[in-house]
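A.B. asks: starting from these lines, generate the structure:
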Amino acid sequence: MKYLTTLEVAHELKVSKQTLLNWLYAGKIPEPPRNSKGYRLWSAARLSLVKRLIREGRLHKRTVVHREASNRPEVLGEFAREVNQFLRGRLNPAVGRALPRPSRPSSRPTAVRRRSRA
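C.D. replies: Reported below is the predicted structural model:
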């Protein structure tokens with residue numbers, strides 16, 4: 001039996017690979033079995049099941065997968081590090097204020113000095 005890759009299935013369904021993965025992560029379609037290397041094995045039967053779910057309107061392309069909220073210290077610490085890195089890129093850490101934006105170049109043309117040939 002020939003199995004399809006996730007990308008081949010996405011092309012067959014005319015959706016992006018990420019949309020197909022979002023459906024998997026959200027539990028809207030059953031997870032296909034995997035081979036010894038960890039790749040998903042999409043059979044023709046599983047592909048027809050997903051097509052049927054699309055026809056029935058049970059799947060749509062705007063499926064968004066959100067991470068579950070967690071109060072575990074390691075998750076909160078990682079989130080705090082991400083926020084800190086984001087703010088460091090946008091704020092001046094020494095002052096705690098936003099850095100000034102670079103000024104726009106003037107719209108007036110600048111004069112070009114020519115050297116005299118002497």
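A.B. asks: and for the closest residue in space to Tyr39 that isn't next to it in sequence, the neighbour number?
C.D. replies: Counting by C-beta to C-beta, 6 or more residues apart in numbering, the nearest residue to Tyr39 once its immediate chain neighbours are dropped is Thr5, at 7.1 Å. C-beta coordinates here come from the backbone N, C-alpha and C atoms, glycine included. Each residue near Thr5 was counted by other C-beta atoms under 10 Å, and the total is 13.
A.B. asks: okay, now the unreliable bits of the protein?
C.D. replies: Along the chain, segments meeting pLDDT under 70 span 63-72, 74-76, 79, 89-118.
A.B. asks: how does it look with 90?
C.D. replies: For the chain, the stretches flagged by pLDDT under 90 are 1, 22, 25-28, 54-118.
A.B. asks: how much space separates the residue nearest to Tyr39 from Arg40?
C.D. replies: 8 Å (C-beta to C-beta, to the nearest Å).
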